[in-house]
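> Quick one, structure for this:
(chains A and B)
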Amino acid sequence: MNILVCVKRVPATGGRIVLTPDGQEIDSRYLGFTISPHEECGVEEAVRIVEAHGGSSAVLTLGPAAAEEQLRDAMAIGIDRAVLLETDGREYDPIATATAITAVIRDQEAAHGPFDLVVFGNEAADTGDFQVGIRVAIALGRPVVNGVKGIMLGDGSVTARREAPGGGWETYALPLPAVLGVKEGLNLPRYPSVPGRLRAKRKEVERVAPAWSQTGPVKVGLRVPEQQGAQVEILGRGSDAAPAVVDLLERIGALGR
Amino acid sequence: MSGPVLVFVERAGGEPDRLSLEALAFAAPLGKALGVEVEAVLVGPGSADAAARLGGRGVARAHVIADARLDAYAPAGYAAALGAVVDARCPSAVVAPGSDRGTEVLAHLAARTGQPMAANVVSVEPDESWRIVRQRWAGSLLEDATLDAPVRLMTVAAHVVEAPDAVAGPAPEVVAHAVDLTVADLVVRVTGQEAPESGRISLTDAKVVIGGGRGVGSGEHFAVLEELASLIGAAVGGSRVATSLGWRPHSDQIGQTGLRIAPDLYIACGISGAIQHIVGCKAAKRILAVNTDPDSPIMAVADYAVIGDLHQVLPAITAEVRRRRG
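This is a model prediction of the structure:
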């Protein structure tokens, strides 16, 4: 089973987002970076599948030179090899990203053999475009499903499970090779071990220069949304606040019965 | 002469669902600005019945594709169906709800036609170039952007535009369409379903949601949240910390990588209020924070607060509800 996981390097934001003075990006001077959360689960799943079924795993990202850090993070938990589509600071829109990834997948498959499974995150945490995996799948002519929170491999097929609208679950059976867009909750990603980190440090990262194009949406700038300026009303302290809370429940008709 | 605005409408229990009504409310001013009509597109079983229920929502025409091959949801097949209506109507824009399926179907249509698509749009101004505002980071940031293409494809961010109650009005004209489907369009489709746990109130439907975070302390300690919830018919959810530590199933997560909720009241217990959580709950009409720390970030978005330990506060609330009910 040969698996490719496509990941994105994103800032690890915490309590508040601060933008650069030109409003073009997040001020990341004081922030660490991480693999976007859905894709972290994709990396973990790829490692588990190869552990269980054999084969090999690769990780790919389109990003700045510094995104090598996230590729090494993925190799530290057990991914075999890494490819960096190194960008030059320009933002790649979803079509440009998908086009570059499709081209490199074709090259990789010509050199190393076909991927049975290509895994994307359902959406990147930062841009939230919800489409790159689907665009790549359609360009490659492979079946794809998004929102995946469970993967079961069969003989020449994969069963994907996701949350159904209105609750419960639904399943999809896809013939391999296939593309999956996964979500956090698929698994609990492991932390890399020290030997894993050392092994990852010594591995090669293959570098590719991706083509750039712009179709849209075209970013003009970013803004932090205004907070609804509600003044918080303190209902009380400790258990003494209970009557005031129940008054509130009563007022909004939440006490029912 | 520009074409209509098409809105992809999904259903829940035979009715147009909430996010689709929000998408229609988003499309109405866009249609007005362009001087064109808003038309709905419904795919799959029960579409004609749901289309008939769109009266009073500003929908001039409802296009229905009720092909038996699309009885089970199939992302590519649904996109092909939506594409057939696009071909027939040459719309200015296609708008879909920002749901899992709405987003997936529109992304398929975008990929099939090589057109750009903007996800989670909150507003649009159709000028010579269309200026849009869309969410990044699930709404922690807004992006001003332009979107230009023969047909503009947009999903509408959840719970940003309020769906007004329907006014009295005639049902839209229903137009049935046929669609050419290839084998590839139907390869990926729902082949199995598991019903939700019976008797459980879903987090997205509940009027009151009680959420627990790190301050809860363990999975067992969620019992104090559950007890109050079962008493008042609320649903229980958790922050990313609570689901990552395995205290709650991931499907109960409220936040960027989980659910966006919009209840009448959200009671956030022992949740500090990381932005990833706030984006999941800020559409609540009211937020009550129960927290030992009066300076925690959740207070900046809360309408009400109780300063104290949730393990004392919640049982006291539960006892007070019981006392009043006698």
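
> and B:Arg53, how far is that from B:Ser20?
Applying Cβ to Cβ, to the nearest Å, the value for B:Arg53 to B:Ser20 is 11 Å. C-beta coordinates here come from the backbone N, C-alpha and C atoms, glycine included.

> More neighbours: which of these two?
Comparing B:Arg53 with B:Ser20 by neighbour count (other Cβ atoms under 10 Å in any protein chain shown), the higher total belongs to B:Ser20, at 28 against 17.

> Could you pull up phi and psi at the more buried one?
Torsion angles at B:Ser20 (phi, psi; degrees, to the nearest 10) stand at phi -70, psi -40.

> and it, what does it touch?
B:Val7, B:Phe8, B:Val9, B:Glu10, B:Arg11, B:Pro97, B:Gly102 (Cβ atoms under 8 Å, 6 or more residues apart in numbering or on different chains).

> For those, which single residue is the most surrounded?
That'd be B:Val7 among those, by other Cβ under 10 Å, with 34 neighbours.

> ok, now which ones touch B:Val36?
B:Ser2, B:Gly3, B:Pro4, B:Val5, B:Ser92.

> Which member of the residues you listed is positioned nearest B:Ala171?
Proximity of the contacts of B:Val36 to B:Ala171 (Cβ to Cβ) peaks at B:Pro4, which lies at 17.3 Å.

> Pretty sure that closest one sits against B:Ala60.
Yes - under the criterion of Cβ atoms under 8 Å, B:Pro4 makes contact with B:Ala60 at 7.4 Å.

> in chain A, which spans are strands?
A:2-7, A:9-11, A:33-35, A:56-63, A:81-86, A:117-121, A:144-153, A:157-163, A:169-175, A:178-182, A:205-208, A:218-223, A:233-237 (DSSP state E).

> quick one: pLDDT of the residue lying farthest from the centre of chain B?
The outermost residue of chain B relative to its centre, with distances by Cα atoms, centre = their mean, is B:Gly326 at 38.5 Å. In this model, B:Gly326 is scored at 80, pLDDT.

> For it, give its distance to chain A.
Separation of B:Gly326 from chain A (Cβ to the nearest Cβ, to the nearest Å): 11 Å.

> mind checking which helix or strand B:Thr155 is in?
In the assignment (DSSP states H and E), B:Thr155 maps to strand B:152-156.

> Quick check: buried residues in stretch B:82-102?
Neighbour counts over stretch B:82-102 (16 or more other Cβ atoms under 10 Å in any protein chain shown) mark B:82-86, B:89, B:91-102 as buried.

> dump the residue contacts of A:Ser56.
Contacts for A:Ser56 (Cβ under 8 Å, 6+ apart) come out as A:Asn2, A:Ile3, A:Val50, A:Asp80, A:Arg81.

> again but with B:Thr182, I slipped
Neighbour list for B:Thr182: B:Ala80 [criterion: Cβ under 8 Å, 6+ apart].

> for chain A, what spans make up the helices?
A:37-53, A:68-76, A:94-112, A:132-140, A:194-202, A:242-251 (DSSP state H).

> contact partners of the fourth one?
Around helix A:132-140, the neighbours that count as contacts under Cβ under 8 Å, 6+ apart are A:6, A:94-95, A:97-99, A:101-102, A:105-106, A:118, A:120-122, A:124, A:143-144, A:146, A:178-181, B:104, B:107-108, B:110-112.

> now the residues you listed: which count as buried?
Buried by 16+ other Cβ under 10 Å: A:6, A:94-95, A:97-99, A:101-102, A:105, A:118, A:120-122, A:124, A:143-144, A:146, A:178-181, B:104, B:107-108, B:110-112, out of those.

> What is the end-to-end distance of stretch A:108-126?
By Cα to Cα, to the nearest Å, the extent of stretch A:108-126 from end to end equals 27 Å.

> ignore the last one, stretch A:130-148
Note: stretch A:130-148 ends 13 Å apart using Cα to Cα.

> pLDDT on that stretch, on average?
Rounded mean pLDDT across stretch A:130-148 is 98.

> cool, and stretch B:195-210?
88.

> So which bits of that stretch are buried?
Those would be B:Ile201, B:Ser202, B:Leu203, B:Thr204, B:Ala206, B:Lys207, B:Val208, B:Val209, B:Ile210, for stretch B:195-210 by 16+ other Cβ under 10 Å.

> What helices and strands are in contact with the longest strand seen in chain B?
Scanning chain B for the longest strand, with DSSP E as the assignment, gives strand B:117-126. Contacts defined by 3 or more Cβ pairs under 8 Å, 6 or more residues apart in numbering or on different chains; DSSP states H and E place strand B:117-126 against helix B:18-34, helix B:100-113, strand B:130-136, strand B:141-147, strand B:152-156.

> May I have that strand exported as CSV, CA atoms only?
The C-alpha atoms that make up strand B:117-126 are tabulated as CSV, following Å, rounded to 0.1, in the frame of the first residue of the first chain:
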residue,chain,number,x,y,z
MET,B,117,-14.6,28.9,-6.0
ALA,B,118,-14.8,30.9,-2.9
ALA,B,119,-15.7,29.0,0.3
ASN,B,120,-17.4,30.5,3.4
VAL,B,121,-18.3,33.9,1.9
VAL,B,122,-20.0,36.3,4.3
SER,B,123,-20.8,39.2,1.8
VAL,B,124,-20.6,40.0,-1.8
GLU,B,125,-20.7,43.2,-3.9
PRO,B,126,-21.2,42.6,-7.6
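
> tilt between that strand and strand B:130-136?
Per axes from the mean of the first three to the mean of the last three Cα atoms, to 10 degrees, the angle that strand B:117-126 makes with strand B:130-136 is 130 degrees.

> Sheet-wise, list the partners of strand B:117-126 with their directions.
Here strand B:117-126 has these sheet partners by DSSP bridges: strand B:130-136 (antiparallel), strand B:152-156 (parallel).

> Cheers, nothing more for now.
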